[in-house]
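Visitor: Generate coordinates for the sequence data below:
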Amino acid sequence: SLCDLDQSNIGYEIFDLASKVEEVLLGQTGMSVTFYPSLTDAQNNTSAITTPTYQNTTIYVQTLGIRITNNATGCYVISTMD
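Guide: The predicted structure follows:
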């Protein structure tokens, strides 16, 4: 979470998703993390967030979808993050 420092756009802030990859992986190696604007997008592998920073599109709290993929097998799990 972030304090809403930009008072010109209340309820929206820019988040550094790249800083969360280590936390998502919990020390696992050989894995890729992809963030999505929603759980549905992560499940369907659509609309991936392609930049390391992201501004929420839902006011105040947005639940992002996360796809964690094993680089060797292509197997993946889906998770979420507010």
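
Visitor: quick one, helices of this protein?
Guide: 21-25, 39-44 (DSSP state H).

Visitor: most neighbours per residue, which of these?
Guide: Ranked by average neighbour count under the criterion mean count of other Cβ atoms under 10 Å, the helices of the chain are headed by helix 39-44 at a mean of 15. Any C-beta I mention is one placed from the backbone N, CA and C, and that applies to glycine too.

Visitor: tell me the mean pLDDT over that one?
Guide: Helix 39-44 carries an average pLDDT of 97.

Visitor: now the helices of the chain as JSON lines including distance to residue 82?
Guide: Formatted as JSON lines, those follow (distance: least, Cβ to Cβ, whole Å):
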{"stretch": "helix 21-25", "distance to residue 82": "13"}
{"stretch": "helix 39-44", "distance to residue 82": "11"}
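
Visitor: what residue lies at the spatial centre of this protein?
Guide: Centroid-nearest residue in the chain: residue 35, 3.4 Å away (criterion: Cα atoms, centre = their mean).

Visitor: Check whether it really touches residue 53, as I assumed.
Guide: No. With contact defined as Cβ atoms under 8 Å, residue 35 and residue 53 do not form a contacting pair (10.6 Å).

Visitor: Number of residues surrounding residue 68?
Guide: The burial count assigned to residue 68 is 19, neighbours taken as other Cβ atoms under 10 Å.

Visitor: Next: residue 14.
Guide: Applying other Cβ under 10 Å, we find 13 residues neighbouring residue 14.

Visitor: Same check on residue 4?
Guide: 12.

Visitor: can you check residue 70 too?
Guide: Residue 70: 13 neighbours (other Cβ under 10 Å).

Visitor: What of residue 59?
Guide: Count around residue 59 with other Cβ under 10 Å applied: 10.
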